[in-house]
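Novice: here's my sequence, what's the structure:
(one chain, ligands or ions: 1)
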Amino acid sequence: MYPDAAPALEFRSPYELLVAVILSAQCTDERVNKVTKPLFARCNTPEAMLALSQEELERYIFSCGFYHNKAKHILSASRDIVEKFGGEVPSTLEELRTLAGVGRKTANVVYAVAFHGDAIAVDTHVFRVANRLGLARGRTPEQVERGLCAAIPRELWSEAHHWLIFHGRRVCHSQRPACGECPLAPLCGYASGDGNK
Ligand code: SF4
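Specialist: Numbers count the residues shown, from 1 in each chain. Next up, the predicted model:
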């Protein structure tokens with residue numbers, strides 16, 4: 001269904017991706033791309049980012065929402081990258097997860113997309129679609145991540161993450177899933193009424 005599935009965030013380095021993913025929480029990728037263009041033109045390294053004050057950074061990212069916390073997270077992660085990793089975004093999942101301000105989902109996305117690592121990042125779309133389909137059921141993103149990793153061959157993890165996001169955005173909407181048009185309906189627990197919302 002989604003041969004064109006790919007990250008919609010624009011980035012040219014692991015650091016730019018990391019910042020874009022932090023900004024993308026509760027915000028559309030289109031909005032993030034608009035915001036990062038002027039931001040990355042001025043600072044696209046952790047050192048350059050740390051030269052901004054929290055207030056300056058907030059002015060750049062204001063329209064992404066939750067700008068106060070997002071600015072804090074971007075500056076904390078940048079500080080860690082400079083102080084603990086010599087200015088380079090670390091390339092292992094374990095190290096990425098140690099960065100201040102970087103949650104599990106963000107670490108997984110950066111690991112899978114920037115470093116072509118095997119990981120499935122569970123965002124709101126992945127969480128909803130996996131539960132509805134019955135592909136992986138769980139009450140927390142971590143439970144769903146474990147279930148998806150068990151259900152999907154490792155070499156497809158990164159692509160499957162994008163497939164589930166595309167399906168959530170285009171068909172399996174949060175409020176009104178378009179089950180009548182969904183080719184997966186014959187396979188879907190939600191459509192067959194087994195109670196998974
Ligand atoms: S059948 Fe409905 S609930 Fe199931 S995946 Fe398709 S749109 Fe989502």
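Novice: C-alpha only now, for contacts and for neighbours.
Specialist: OK.
Novice: what does the chain put close to the ligand?
Specialist: With Cα under 6 Å from any ligand atom as the criterion, the chain meets the ligand at residues 129, 132-133, 171-172, 177-179, 182, 184-185, 188, 190-191.
Novice: what subset of these is buried?
Specialist: The neighbour-count test (16 or more other Cα atoms under 10 Å) applied to these identifies V129, R132, L133, V171, C172, P177, C179, C188, Y190, A191 as buried.
Novice: what does the host helix or strand of the first one rub up against?
Specialist: Following DSSP states H and E, the helix or strand that holds V129 is helix 124-133. For helix 124-133, the surrounding residues in contact (Cα atoms under 8 Å, 6 or more residues apart in numbering) are 136-138, 141, 144, 148, 161, 164-165, 167-169, 172, 174, 187-190, 196-197.
Novice: check stretch 155-170 too.
Specialist: Contacts with stretch 155-170, where a contact means Cα under 8 Å, 6+ apart, come from 2, 5-7, 112-113, 116-122, 125-126, 128-130, 149, 152, 174.
Novice: how about 6 Å then?
Specialist: A5, A112, A119, I120, H125, V126 (Cα atoms under 6 Å, 6 or more residues apart in numbering).
Novice: pLDDT (mean, whole number) over it?
Specialist: Averaged across stretch 155-170, pLDDT comes to 92.
Novice: next one: it to chain centre, how far?
Specialist: Centroid separation between stretch 155-170 and its chain, computed with Cα atoms, centre = their mean, to the nearest Å, is 11 Å.
Novice: now it: buried residues?
Specialist: W157, S158, E159, A160, H161, H162, W163, L164, I165, F166, H167, G168.
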